[in-house]
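> Got a predicted model here, sequence first, then my questions.
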Amino acid sequence: MNTREEVGEFSKLYNGFMTVMRRFIFKVLCVGPIPNHISFIMDGNRRFAKKHNLQDLDAGHRAGFVSVTHVLQYCQEIEVPYVTLYAFGHDNFRREPEEVKCVMDLMLEKIELTIDQAISGNLNKLKVIFIGDLNMLNERLKAAAQRLMEVTEENKGLMVVVCVAYSTSHEIVHAIRESCVRKCGDGDSPQVLEVSDIEECMYTSIVPDPALVIRTGGRDRLSNFMTWQTSRSLLHTTAALWPELGLWHLMNTREQVGEFSKLFNAFMTVMRRFIFKVLCVGPIPNHISFIMDGNRRFAKKHNLQGLDAGHRAGFVSVTYVLQYCQEIGVPYVTLYAFGIDNFKREPEEVKCMMDLMLEKIELTIDQAISGNLKDLKVIFAGDLNLLNERLKVAAQRLMELTEENRGLVAVVIVAYSTSHEIVQAIRESCVRKCVDGDSPLVLEMSDVEECMYTSIVPDPDLVIRSGGIDRLSNFMTWQSSRSLLHTTAALWPELGLWHLVWAILKFQRMHDYLQKKQKLD
Amino acid sequence: MDFNDPMLALSSWIGQVSFLIGDFGLGLLWRFIHIVVTLCHIVSGIFEAVESYAISLGLIQKYSSIDIEKLKCLAVVVDIEAARDVSKVVELLQWLTTIGVKQVGLFDSQGLLKKSKDMILEMVPRSVLLQETGEKDTSGIALEFISSSDNKEAVVKAANILFQKYLKSRHPGKDEGENVFTETHLNEALRVVGESVHVPDLLLVYGPVRSHLGFPAWRLRYTEIVHMGSLKYMRYGSLLKAIHKFTGVRQNYGV
């Protein structure tokens, strides 16, 4: 929110505050009984990837791993002694070989990461155990799992049991075999198997039965997971996909959680509209420009693999920002999507971004055709001849489709730079002057400005740059003489409601001064 | 279970409350939010001031040595209210000389500093006007005075030069007109018009708002823009901090 360097400190402060609040909430929760053992069936990773259009085979699972770290942290804070995570089942080996390999590689990567953490002493309160038919795993993975178990063996604190290559049916059969072998070996006792003999040989004998089983992904079955051990367990299912699981899901264990999140979302919408109503008491910028920087850093920060992963996340931000601007009533919005300098990037990366842009434009064209985009007019500005044919045609189609719309005018700026714009505008105005026989052969400022790509919109009142960088990077330096230049350290995919509200509040404070400057001109 | 009804109820309740509160109430709420925002700025201003004094006193290690070689050209935008007080500008220039900055462009939109050019050159020791020094390295500080007329109007003048070239090259009937319109040609034309095309690495804005206030758009393209607050309350520590931060910046230039 804060536009100077304090933003780093602010978000630390914010995180610190949230941690204190969370610990307080947990203290209250701990007044009542806490489950001794919680099992998680981590379902929904692939659906999450599909929902957010993440391309890679393991994208959803990577997002899922982030959830794992949070859930383990919360369970540790609540002081749950045992946690089981159903990571990979026997049945899952029947998936496509590529996908299985991908998941195995991801697991290896994360285990090695965790081993490093353990060695550096950051995992003192966590004991990790792997159970299941470990012989089904490849050698490296098996060795890594065993190493992690050795490294954390002495740790006290939360015991995390990771179930890989596991299924109840296999476990029961394996336990029976094991107990038979033991009985044969043990000459004294009678040659009859008891329940206790079998249960002793189960993979899950190291932990008590789970008190609570939480399944994400909205499914109501156990899917061959711990059906033997869960006779007395509360089986809780939540519609949230595993990577979406958060603090509140963990806390609310009844079925209302689906309705709760709907209620919560609706409540947030009403609050947001109210905040905007208050904001609109003061002056609202006529035109906001966004320099959408930080997509690649976001992808790196969250270890997202595809070349366009960060930009996909960025597109989600674009939809939110346009929605908020529409609700607030800002007439013009400019989005700096792709600059001429960006063509100097790796050809694969450029192609990836162009393909992504084409995909999103075609998606928007479909929306426009189905009548969902009545309040949005989209215009593409920049040197469109630098784009490939398909993209150019799609952009023009979208412009035609939304031409008659009234409402927010969203100008998407592609293949643009101020220097290119100025030079092209000079050329265009020269050509026009030549053609126009009557007027004197002298260029005026209005002639040049008329020919600029951005002549279709008024000068921006507010330029918001994400990514914490202080320069304009060859973007609208001509048009921004009277603009408030606001920079925020948040990366573009992280930009949210509060960043926008803060920028507008800042604009409102400086509005009189900027108006005065404009009048002086 | 259908939660739409309660939400509709909540939504209409908020609508009714807003109506009851009315514009006056909303206005009060808005003012209250702005008071809170102003308080936040005051508090962060206090922290900055304290930090700045600490830096000036040399208490913070990392600011004690700055790699000034990285800063080839500095520009300063001064709000016109502040530009009237030449003594503050002179003080700033003296600080910059101490830090070791070699080239400074001073900008104010109305050209007030341009008018006080001679006085400033006299009062700042070892200062020279930029044009005179050319590419020579001097021990002092080379100053440049810029105003709004050096921005768009200058580009239009340069455009007219290109226009004349275009007209001349069209007459023989060949399509050579195209070659006249490149960035290099525009740079050349700007030089002919008497404009500097030095690109400042860092732009310090002394005024209430972080806005470049019309600094020449052609030169501003990759410049780091830092807001320093008002010139009247300028601080040496903040200046050092801004320059130090700049030396740590790495540009991708879009790549």
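Great, that's in hand.

> so where's the stretch 51-200 of chain B uncertain?
Scanning the stretch 51-200 of chain B for pLDDT under 70 picks out the ranges B:132-138, B:171-178.

> Apply 80 and report the result again.
Counting by pLDDT under 80, the stretch 51-200 of chain B has low-confidence residues at B:59-66, B:130-139, B:169-180.

> For it, what lies in contact range of chain A?
Within the stretch 51-200 of chain B, the residues that sit near chain A (C-beta under 8 Å from any C-beta of the partner chain) are B:80, B:109-110, B:148, B:151-153, B:155-156, B:159-160, B:162-163, B:166-167, B:170, B:177-178, B:180-183, B:186. In short, each C-beta sits where N, CA and C put it, glycine included.

> who's in contact with the helix or strand containing A:Thr364?
Counting by DSSP states H and E, the element that carries A:Thr364 is helix A:347-369. Applying C-beta atoms under 8 Å, 6 or more residues apart in numbering or on different chains, the external contacts of helix A:347-369 come out as A:306-308, A:311-312, A:315, A:337-338, A:342-343, A:373, A:378, A:387-388, A:390-391, A:394-395, A:397-398, A:401-402, A:414.

> Which members of those residues additionally contact chain B?
Filtering those for neighbours of chain B using C-beta under 8 Å from any C-beta leaves A:Asn342.

> Phi and psi next, for B:Val226.
phi -120, psi 130 (degrees, to the nearest 10).

> quick revisit: could you identify the buried members of the residues of the stretch 51-200 of chain B next to chain A?
B:80, B:109-110, B:148, B:151-152, B:155-156, B:159-160, B:162-163, B:166, B:170, B:177, B:180-181, B:186 (16 or more other C-beta atoms under 10 Å in any protein chain shown).

> Filter those down to the ones in strands?
Among those, none falls in strands (DSSP state E).

> How many residues are close by A:His311?
As a burial measure, A:His311 scores 25 neighbours (other C-beta atoms under 10 Å in any protein chain shown).

> Over to the one 3 residues further on?
Using other C-beta under 10 Å, the number of residues around A:Gly314 comes to 26.

> and what of B:Ser12?
B:Ser12: 10 neighbours (other C-beta under 10 Å).

> can you check A:Cys201 too?
Residues near A:Cys201, counting by other C-beta under 10 Å, number 20.

> Need the pLDDT of it.
A:Cys201 carries a pLDDT value of 88.

> Can you tell me how far the nearest residue to it once chain neighbours are set aside is from A:Phe88?
Excluding its sequence neighbours, the residue lying closest to A:Cys201 (C-beta to C-beta, 6 or more residues apart in numbering or on different chains) is A:Glu178, at 3.7 Å. Distance of A:Glu178 to A:Phe88, computed by C-beta to C-beta, to the nearest Å: 22 Å.

> and if you look at A:Asp308?
Note on A:Asp308: its distance to A:Phe88, by C-beta to C-beta, is 28 Å.

> just A:Ser480 next, same as before
When distance is defined by C-beta to C-beta, A:Ser480 is 53 Å away from A:Phe88.

> Repeat that for A:Cys184.
Going from A:Cys184 to A:Phe88 by C-beta to C-beta gives 32 Å.

> Setting aside sequence neighbours, what's the nearest residue to A:Leu158?
A:Leu158's closest residue in space is A:Gln76 (C-beta to C-beta, 6+ apart), at 4.7 Å.

> show me what contacts that neighbour?
With contact set as C-beta under 8 Å, 6+ apart, A:Gln76 has these partners: A:Lys125, A:Leu126, A:Gly157, A:Leu158.

> Just the buried residues of those.
Neighbour counting by 16+ other C-beta under 10 Å classes A:Leu126, A:Leu158 among the contacts of A:Gln76 as buried.

> Just the ones in strands from the contacts of A:Gln76, please.
Within the contacts of A:Gln76, residues falling in strands by DSSP E are A:Leu126, A:Leu158.

> now the strands: where do they sit in chain A?
Taking DSSP E to define them, one finds strands in chain A at A:37-41, A:82-89, A:126-131, A:158-166, A:212-215, A:234-237, A:287-291, A:332-339, A:376-381, A:408-416, A:462-465, A:484-487.

> list the helices and strands the fourth one packs on?
Helices and strands touching strand A:158-166, by 3 or more C-beta pairs under 8 Å, 6 or more residues apart in numbering or on different chains; DSSP states H and E, are helix A:59-78, strand A:82-89, strand A:126-131.

> got a markdown table for these, with mean pLDDT and distance to A:Ala145 too?
Compiled in a markdown table, these are given as follows (pLDDT from 0 to 100; distance: least, C-beta to C-beta, whole Å):
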| stretch | mean pLDDT | distance to A:Ala145 |
| --- | --- | --- |
| helix A:59-78 | 87 | 15 |
| strand A:82-89 | 92 | 11 |
| strand A:126-131 | 93 | 4 |
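
> low-scoring stretches of the stretch 1-150 of chain A, by residue?
A:1-19, A:21, A:24-33, A:53-56, A:122.

> that older thread, which of A:Cys184 and A:Phe88 has more neighbours?
Neighbours were counted for A:Cys184 and for A:Phe88 using other C-beta under 10 Å; A:Phe88 has more, 23 against 9.

> List the beta-bridge partners for A:Phe338.
For A:Phe338, the beta-bridge partners under DSSP bridges are A:Val414.

> What is the neighbour count of the residue in the stretch 51-200 of chain A positioned nearest to chain B?
Closest residue of the stretch 51-200 of chain A to chain B, C-beta to the nearest C-beta: A:Lys51 (22.1 Å). Neighbourhood size, A:Lys51 [other C-beta under 10 Å]: 13.

> so it makes contact with A:Glu244?
No. The criterion here is C-beta atoms under 8 Å, and A:Lys51 misses it with A:Glu244 at 9.2 Å.

> Going by neighbour count, which residues of stretch A:335-345 are buried?
A:Leu335, A:Tyr336, A:Ala337, A:Phe338, A:Gly339, A:Ile340, A:Asp341, A:Asn342, A:Phe343, A:Arg345.

> In CSV, list those along with pLDDT.
CSV is the format used below for the buried residues of stretch A:335-345 (pLDDT from 0 to 100):
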residue, pLDDT
A:Leu335, 96
A:Tyr336, 96
A:Ala337, 94
A:Phe338, 93
A:Gly339, 93
A:Ile340, 93
A:Asp341, 91
A:Asn342, 92
A:Phe343, 92
A:Arg345, 91
